[in-house]
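*Asks:* 3D, please:
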Amino acid sequence: MRKVQDLTAADFPGVDPGRFEEWKQALKDAERNTIYLLAGLVVLNIVLYLVFDSIMLGGLLLLLVFFFIWRTPNRLAKELGLTNASIRAARKRPGPGEAVLPG
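*Replies:* Numbers count the residues shown, from 1 in each chain. Okay, here's the model as predicted:
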(Lines give C-alpha, C1' and ligand atoms only; values in the text may rest on other atoms or scores of the structure.)
Protein backbone atom coordinates (compact mmCIF):
# COMPACT_ATOMS: atom_id res chain seq x y z
CA MET A 1 0.00 0.00 0.00
CA ARG A 2 1.40 3.37 -1.04
CA LYS A 3 1.71 6.35 1.25
CA VAL A 4 -0.47 9.38 0.64
CA GLN A 5 2.64 11.41 -0.21
CA ASP A 6 3.35 8.95 -3.07
CA LEU A 7 -0.02 9.62 -4.72
CA THR A 8 -0.25 11.91 -7.72
CA ALA A 9 -3.07 13.89 -9.31
CA ALA A 10 -3.11 11.24 -12.07
CA ASP A 11 -4.48 8.76 -9.51
CA PHE A 12 -7.63 10.90 -9.32
CA PRO A 13 -8.96 11.75 -12.80
CA GLY A 14 -10.24 15.29 -13.14
CA VAL A 15 -8.38 16.67 -10.13
CA ASP A 16 -6.43 19.94 -10.47
CA PRO A 17 -2.74 19.01 -9.99
CA GLY A 18 -1.87 22.30 -8.25
CA ARG A 19 -4.67 22.01 -5.72
CA PHE A 20 -3.84 18.33 -5.23
CA GLU A 21 -0.25 19.19 -4.27
CA GLU A 22 -1.61 21.90 -1.97
CA TRP A 23 -3.83 19.27 -0.31
CA LYS A 24 -0.88 16.89 0.14
CA GLN A 25 1.18 19.67 1.75
CA ALA A 26 -1.72 20.65 4.04
CA LEU A 27 -2.10 16.99 5.03
CA LYS A 28 1.60 16.73 5.82
CA ASP A 29 1.47 19.93 7.90
CA ALA A 30 -1.61 18.73 9.81
CA GLU A 31 0.05 15.39 10.62
CA ARG A 32 3.17 17.21 11.87
CA ASN A 33 1.09 19.64 13.96
CA THR A 34 -0.88 16.76 15.47
CA ILE A 35 2.36 15.11 16.62
CA TYR A 36 3.51 18.43 18.14
CA LEU A 37 0.16 18.84 19.88
CA LEU A 38 0.22 15.36 21.38
CA ALA A 39 3.84 15.76 22.50
CA GLY A 40 2.97 19.10 24.09
CA LEU A 41 0.00 17.57 25.90
CA VAL A 42 2.19 14.78 27.26
CA VAL A 43 4.71 17.31 28.57
CA LEU A 44 1.91 19.48 30.01
CA ASN A 45 0.34 16.49 31.75
CA ILE A 46 3.70 15.46 33.22
CA VAL A 47 4.25 18.97 34.57
CA LEU A 48 0.69 19.14 35.95
CA TYR A 49 1.15 15.75 37.57
CA LEU A 50 4.43 16.77 39.20
CA VAL A 51 3.12 20.14 40.40
CA PHE A 52 -0.51 19.38 41.29
CA ASP A 53 -0.42 15.59 41.60
CA SER A 54 -3.20 15.22 39.03
CA ILE A 55 -3.50 14.79 35.30
CA MET A 56 -5.78 17.23 33.53
CA LEU A 57 -6.44 16.56 29.87
CA GLY A 58 -8.90 18.98 28.36
CA GLY A 59 -10.85 16.79 25.96
CA LEU A 60 -12.90 19.66 24.58
CA LEU A 61 -9.78 21.74 24.05
CA LEU A 62 -8.15 18.80 22.32
CA LEU A 63 -11.12 18.38 19.97
CA LEU A 64 -11.14 22.09 19.15
CA VAL A 65 -7.44 22.09 18.35
CA PHE A 66 -7.83 18.96 16.17
CA PHE A 67 -10.67 20.70 14.33
CA PHE A 68 -8.45 23.70 13.54
CA ILE A 69 -5.44 21.55 12.59
CA TRP A 70 -7.40 19.34 10.19
CA ARG A 71 -9.72 22.05 8.82
CA THR A 72 -7.56 22.97 5.78
CA PRO A 73 -6.83 19.42 4.54
CA ASN A 74 -10.48 18.43 4.98
CA ARG A 75 -11.70 21.52 3.13
CA LEU A 76 -9.28 20.95 0.25
CA ALA A 77 -10.22 17.26 -0.01
CA LYS A 78 -13.88 18.22 -0.18
CA GLU A 79 -13.19 20.84 -2.87
CA LEU A 80 -11.21 18.31 -4.91
CA GLY A 81 -13.93 15.67 -4.51
CA LEU A 82 -11.64 13.26 -2.65
CA THR A 83 -13.28 10.81 -0.30
CA ASN A 84 -11.70 8.42 2.17
CA ALA A 85 -12.77 5.53 -0.06
CA SER A 86 -11.18 7.02 -3.19
CA ILE A 87 -7.94 7.78 -1.34
CA ARG A 88 -7.85 4.25 0.09
CA ALA A 89 -8.46 2.75 -3.37
CA ALA A 90 -5.70 4.86 -4.92
CA ARG A 91 -3.28 3.83 -2.17
CA LYS A 92 -3.99 0.15 -2.88
CA ARG A 93 -3.28 0.47 -6.62
CA PRO A 94 0.36 -0.03 -7.60
CA GLY A 95 2.16 3.12 -8.53
CA PRO A 96 4.48 3.78 -11.45
CA GLY A 97 7.55 1.59 -11.28
CA GLU A 98 6.06 -0.81 -8.73
CA ALA A 99 5.96 -4.48 -9.57
CA VAL A 100 2.64 -6.25 -9.34
CA LEU A 101 3.06 -9.49 -7.44
CA PRO A 102 0.86 -12.39 -8.47
CA GLY A 103 -1.54 -13.85 -5.98
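*Asks:* Every contact and neighbour count from this point should use C-alpha atoms.
*Replies:* Noted.
*Asks:* Where does the prediction get shaky in the protein?
*Replies:* 55-60, 97-103 (pLDDT under 70).
*Asks:* List the buried residues of the longest helix belonging to the chain.
*Replies:* Counting by DSSP state H, the longest helix found in the chain is helix 17-52. Within helix 17-52, the residues scored as buried using 16 or more other C-alpha atoms under 10 Å are 20, 22-24, 26-27, 30, 33-34, 37, 41, 45-46.
*Asks:* Of those residues, just say which sits nearest to residue 6.
*Replies:* residue 24 (9.6 Å; C-alpha to C-alpha).
*Asks:* If we ignore the residues flanking it in sequence, what's nearest the closest one?
*Replies:* residue 5 (6.5 Å; C-alpha to C-alpha, 6 or more residues apart in numbering).
*Asks:* what's the neighbour count on that neighbour?
*Replies:* Neighbour count of residue 5, defined by other C-alpha atoms under 10 Å: 12.
*Asks:* same check, this time on the one 5 residues further on
*Replies:* The criterion is other C-alpha under 10 Å. On that basis, residue 10 has 12 neighbouring residues.
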